[in-house]
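> The sequence isn't on hand, but the structure is:
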């Protein structure tokens, strides 16, 4: 039976789960939930999760939400399917889990502020000082991730896996915002090593399939 995967286009949290499902070569049924049409507020979906958010999976009669928990479940429940999401050795596995926690805590926090200021505050109410402060907070995170990309060589922790699938969507979202608002000047701060790591993720054979649908238009 295929896993039912509830997904929202553009959500970096949902994107990481999609990458993980493809990496694990697991059969799944993709259900795209529209944010604009309030799909997440529909009673049928609300009955599955008290949070009312994506991503969410149904594996038979088992329901799980929260992207980090989903990725760990996919590895634990299907260890022999596809490729591993975490290193087998506990020390690099610990590093992978640390990077995931750092991304969810610090990158998310800094990126959310920048997205709010640039994309959601009305043009006539934007505050240049607030945008600069949010941008500086995001840029302050990048040296850590440039170092992580350099330390991991091809991918963040050895072979490609959960850490890469967690971090990449956040930075892809930041660079998409940069394309729409070139004056932000974010791209130069990524540096050659972090940029090269992103290109390697994008070269994965299943990557193209997982690009958020509305980004293609």
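Nice, I can see it. Keep in mind the model is a prediction, meaning the values are calculated, not measured.
> contacts for the helix or strand containing residue 136?
Element membership of residue 136 [criterion: DSSP states H and E] is helix 128-152. Helix 128-152 is contacted from outside by 99, 102, 106-107, 109-111, 113-114, 116-118, 121, 156, 158, 167, 171, 174, 184, 186, 189-191, 193-194, 196-197, using Cβ atoms under 8 Å, 6 or more residues apart in numbering. The way it works is simple: take the backbone N, C-alpha and C, and place the C-beta from them, glycine included.
> Buried only: go through those for me.
99, 102, 106-107, 110-111, 113-114, 117-118, 156, 158, 167, 171, 174, 184, 186, 189-190, 193-194, 197 (16 or more other Cβ atoms under 10 Å).
> Just the contacts of helix 128-152: which are in helices?
Per DSSP state H, helices hold the following members of those: 99, 102, 109-111, 113-114, 167, 171, 174, 191, 193-194, 196-197.
> And the furthest pair within these?
113 and 196 (27.1 Å; Cβ to Cβ).
> ok, back up a step: name the residues of the helix holding residue 136 that are buried.
Buried, per 16+ other Cβ under 10 Å, within helix 128-152: 130-131, 134-135, 138-139, 141-142, 145-146, 148-149, 152.
> average pLDDT for it?
For helix 128-152, mean pLDDT is 94.
> quick check: angle from that helix to helix 108-115?
For helix 128-152 against helix 108-115, the angle by axes from the mean of the first three to the mean of the last three Cα atoms, to 10 degrees is 140 degrees.
> any idea how far helix 128-152 is from the chain center?
16 Å (Cα atoms, centre = their mean, to the nearest Å).
> Can you list the neighbours in contact with stretch 24-33?
Stretch 24-33 has contacts (Cβ under 8 Å, 6+ apart) with 2-9, 18, 21, 39-40, 45, 54, 57, 74-75, 78, 81-83, 85, 213.
> So which of those residues belong to helices?
Under the assignment DSSP H, these contribute 18, 21, 45, 74-75 to helices.
> To be precise, which single item in those residues has the lowest pLDDT?
On pLDDT alone, residue 45 ranks lowest of the ones in helices among the contacts of stretch 24-33, at 94.
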